[in-house]
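Participant: With the sequence up front, the predicted model follows.
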Amino acid sequence: MNDALTAPRFLVMGCGAIGGIVTAALAETGQDVTAVTTNETIHAAVNDRGLKIVGEGSPRSVRARVCLGVPRGEKFDYVILATQPPQVEQAADAALPALSDDGAMVCLQNGLCEPRIAKIAGDDRVIGGVVGWGATMPEPGLYEKTAAGGFTLGYPSGELLGTDTDDLVAALEAVGPVETTQNLRGKRWSKLAINCGISSLGTIGGDRLGTLIQHRFVRRLCLEIMTEVVQVARKEGVRLEKVSGTLDLSWIALNDEERSVAGSPGLVAKHGLLLAVGFRYRRMKSSMLSAIERGRTPAVDFLNGEVIDHARKHGLRVPVNSVIRDTVWKIAEGKRRPSLELLREVYEATAPHGA
């Protein structure tokens with residue numbers, strides 16, 4: 001959203017796992033990028049040694065401009081919101097004065113954050129960005145891309161992205177392939193279903209996805225969670241779509257018969273698909289677990305909690321997502337510790353269902 005002869009300016013809000021990887025990729029390809037963090041430890045580490053990147057390609061250190069606050073008196077064509085969902089509105093508020101008049105904010109959060117940002121920046125200045133890859137920050141300023149993938153970009157209104165956003169698409173392709181969509185809601189709700197299962201179970205289990213998904217009861221719990229999300233999405237009139245070629249949520253959702261039996265050909269196929277996805281994203285660590293470990297607020301109210309709130313509007317019960325949300329909060333409050341045994345407790349607490 002800038003003059004074709006002028007390179008766009010990017011402001012990345014957040015220097016956690018996603019923000020760090022995006023900032024490094026933009027900087028490596030010569031983009032005009034500035035990152036903002038509120039974490040003094042991250043700021044000091046990055047300014048001392050650059051953004052250290054591992055897990056994809058050769059380990060390297062990337063120098064980029066990183067500030068402790070939004071630079072005053074400067075304007076940016078794109079504000080890329082890369083914080084966790086609980087901090088996204090605060091980040092958008094802080095960045096709004098730096099957004100150019102014809103610029104846009106790009107939401108990279110999981111969940112359904114675009115309406116929240118539209119209230120701050122305006123409906124016509126928000127672009128949704130569904131992230132199809134994984135990353136973690138093992139220590140301040142050290143970033144590991146744990147799974148390959150790209151982005152899906154779209155306007156919440158369903159309008160097609162125009163040529164004025166070609167510079168955004170081209171820049172983000174430094175991270176991974178970029179596709180555009182006129183059905184952002186369908187992509188968002190599909191990713192929401194995946195995150196409600198994978199991210200929440202990773203938080204409760206306290207381990208990486210590849211380890212947890214090997215357990216049949218974990219896969220079954222994941223299927224139950226995603227099935228509830230799909231039921232709510234259908235009530236919302238959402239046309240679900242695949243995210244980064246991973247899961248067809250409409251297909252993987254359990255039908256009434258599958259929810260009442262221990263085994264069937266359909267269940268075998270669905271368990272097999274989860275195993276395949278688990279292998280692809282085996283190194284992925286839950287961002288909610290990382291947030292809790294750093295003393296931050298987990299995003300569970302923006303994931304499973306969002307599903308619970310929408311279900312309530314339609315008179316639907318989502319008991320599995322409710323137990324998941326409550327358990328994550330108990331971990332965040334120090335009342336429980338993440339473990340495979342705690343995951344099994346959750347599984348047993350959400351009975352009756354098949355094995």
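Facilitator: It's in. No experiment lies behind these values; they were computed from the predicted model shown.

Participant: what are the phi and psi values for G210?
Facilitator: Main-chain dihedrals, G210, degrees, to the nearest 10: phi -60, psi -30.

Participant: Based on its surroundings, how many neighbours for it?
Facilitator: Neighbour count for G210, taken as other CB atoms under 10 Å: 16. For every residue, glycine as well, the C-beta is placed using N, CA and C.

Participant: Let me know the pLDDT of the residue lying closest to it once chain neighbours are set aside.
Facilitator: Nearest residue to G210, sequence neighbours excluded (CB to CB, 6 or more residues apart in numbering): R282, at 2.5 Å. We have a pLDDT of 80 for R282.

Participant: Distance check, R282 against G129.
Facilitator: Here the criterion is CB to CB, to the nearest Å. By it, R282 lies 24 Å from G129.

Participant: Which one's more surrounded, the two?
Facilitator: G129 (25 against 17).

Participant: so what's the more buried one bridging to?
Facilitator: Beta bridges link G129 to L153, judged by DSSP bridges.

Participant: my read: it touches N110, true?
Facilitator: No - with contacts counted by CB atoms under 8 Å, G129 stays clear of N110, the gap being 10.8 Å.

Participant: ranges for the helices of the stretch 151-300 of the chain?
Facilitator: Ranges of helices in the stretch 151-300 of the chain, per DSSP state H, counting those that start in this stretch, are 166-172, 184-205, 209-212, 216-235, 249-252, 256-259, 265-280, 287-293.

Participant: Export those helices as TSV, with columns for distance to C67.
Facilitator: Output for these, formatted as TSV (distance: least, CB to CB, whole Å):
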stretch	distance to C67
helix 166-172	19
helix 184-205	29
helix 209-212	33
helix 216-235	37
helix 249-252	39
helix 256-259	51
helix 265-280	35
helix 287-293	22
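
Participant: show me the contacts for G176.
Facilitator: Contacts of G176 were listed using CB atoms under 8 Å, 6 or more residues apart in numbering, and they are 132-133, 148-151.

Participant: Kindly recompute the last result at 10 Å.
Facilitator: By CB atoms under 10 Å, 6 or more residues apart in numbering, the contact list for G176 reads 21, 25, 56, 131-133, 145, 147-151, 244.

Participant: Same check on N183?
Facilitator: 152, 154, 158, 189-190, 238-241.

Participant: go again using 7 Å as the cut-off
Facilitator: 158, 239, 241 (CB atoms under 7 Å, 6 or more residues apart in numbering).

Participant: Most neighbours of all those, which one?
Facilitator: E241 (20 neighbours).

Participant: Find the nearest non-adjacent residue to that one, please.
Facilitator: Closest to E241 by CB to CB, 6+ apart is G186, at 4.1 Å.

Participant: tell me which element the residue lying closest to S322 once chain neighbours are set aside falls in.
Facilitator: Nearest residue to S322, sequence neighbours excluded (CB to CB, 6+ apart): I308, at 5.8 Å. Per DSSP states H and E, I308 falls inside helix 304-313.

Participant: And the average pLDDT for that helix is what?
Facilitator: Regarding helix 304-313, the rounded mean pLDDT is 98.

Participant: now swap in stretch 185-199 and tell me
Facilitator: If you average the pLDDT over stretch 185-199, you get 94.

Participant: just how off-centre is it within its chain?
Facilitator: Taking the mean of its C-alpha atoms, stretch 185-199 sits 8 Å from the chain's own mean (CA atoms, centre = their mean, to the nearest Å).
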